[in-house]
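Peer 1: Model the structure of this input:
(4 chains)
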Protein chains: 2
Amino acid sequence: MVEHNHTRLDLVFRALSDQTRRAMLERLAKGEHTVGELASPFRMSLAAASKHIQTLQRAGLVKRTVRGRIHYCRIDPRPLARADDWLRGYERLWDTRIERLVELLRHPDNDPSNPR
Amino acid sequence: MVEHNHTRLDLVFRALSDQTRRAMLERLAKGEHTVGELASPFRMSLAAASKHIQTLQRAGLVKRTVRGRIHYCRIDPRPLARADDWLRGYERLWDTRIERLVELLRHPDNDPSNPR
DNA sequence: GTTATCTTAAACCATATGGTTGAACATAAT
DNA sequence: ATTATGTTCAACCATATGGTTTAAGATAAC
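Peer 2: The predicted structure follows:
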């Protein structure tokens, strides 16, 4: 559902718009961490860090498992792939190599590296 | 400068976290538009749409040229490329094909498609 | 010079955000 | 049962956001 996809992208990009949350993802990319572990490098209260983790969770970027009193968090990269899919829709605009390839396909004789 | 890069990424992802602004970028990907043209498809005031365009501009995603009383906007895809660079840092986590390739490189004899 | 058009600024509003502190909840250790 | 640990909730605060309306500014058309 298009509307649903927009909402998800909203949340993902929103979650990524803060360097604390990006740093948390970078750590989670290396493996599972507890909430306390994720919070510890940041100079903010545990409650603030907990809020950030919840924002990541709402975006689907983090999944948590509770075992006893410990909350374990893991990265879920699929929403990142979808965000990347969206960005790659613009790849043609930033990748001049693709532009040149398209140009070559249209006018093959214009290739300066072609000695013909 | 690392800090500067973070700020820029904040702004880019922030700008992308709204479907109105993403829709504006999609139109700009097809070519230059005036502010009024960008605003017209949306059911919001011109002032509101103007604010969105300013958010895109602050993120560096849009460049504007003023000719007379008309403001022309163009997409600048470079910040999208940088956002994509950041996302691609996680490619290994979402692309299981890369995972399998790495696994093959480590244990070549485990390839089930290899009849050896 | 006057009117029209394009666009933003200012003020306002409701909501969201990102942080704090202290309390509360859930579970583990003793 | 009590204390300790891990974590979230609630209330608060300052700021930001996304929208509105109206006014203002810049330029073009007449």
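
Peer 1: buried stuff in stretch A:59-79?
Peer 2: Neighbour counts over stretch A:59-79 (16 or more other C-beta atoms under 10 Å in any protein chain shown) mark A:59, A:60, A:61, A:62, A:71, A:73, A:75, A:76, A:77, A:79 as buried. C-betas here are computed from N, CA, C, even on glycine.

Peer 1: Repeat that for stretch A:6-14.
Peer 2: Using 16+ other C-beta under 10 Å as the test for burial, stretch A:6-14 gives A:9, A:10, A:11, A:12, A:13, A:14.

Peer 1: show me what contacts the third one?
Peer 2: Yep, that's residue A:11 we're talking about. By C-beta atoms under 8 Å, 6 or more residues apart in numbering or on different chains, residue A:11 lies in contact with A:58, A:59, A:60, B:17.

Peer 1: so the second one sits right up against residue A:79, yeah?
Peer 2: Yes: proximity of residue A:59 to residue A:79 meets the contact threshold set by C-beta atoms under 8 Å, at 6.0 Å.

Peer 1: what is in contact with those two at once?
Peer 2: With the criterion set as C-beta under 8 Å, 6+ apart, the overlap between the contacts of residue A:59 and residue A:79 is A:8, A:12.

Peer 1: those helices in chain A, which residues are they?
Peer 2: Here chain A has its helices, by DSSP state H, at A:2-16, A:19-28, A:35-39, A:46-58, A:78-88, A:91-94, A:96-106.

Peer 1: In chain A, where is pLDDT below threshold?
Peer 2: Counting by pLDDT under 70, chain A contains low-confidence ranges at A:1-4, A:110-116.

Peer 1: on that earlier part again, closest to residue B:29 out of the buried residues of stretch A:6-14?
Peer 2: Closest approach between these and residue B:29, by C-beta to C-beta: residue A:9, at 16.0 Å.

Peer 1: Relative to residue B:105, how far out is residue A:12?
Peer 2: Here the criterion is C-beta to C-beta, to the nearest Å. By it, residue A:12 lies 31 Å from residue B:105.
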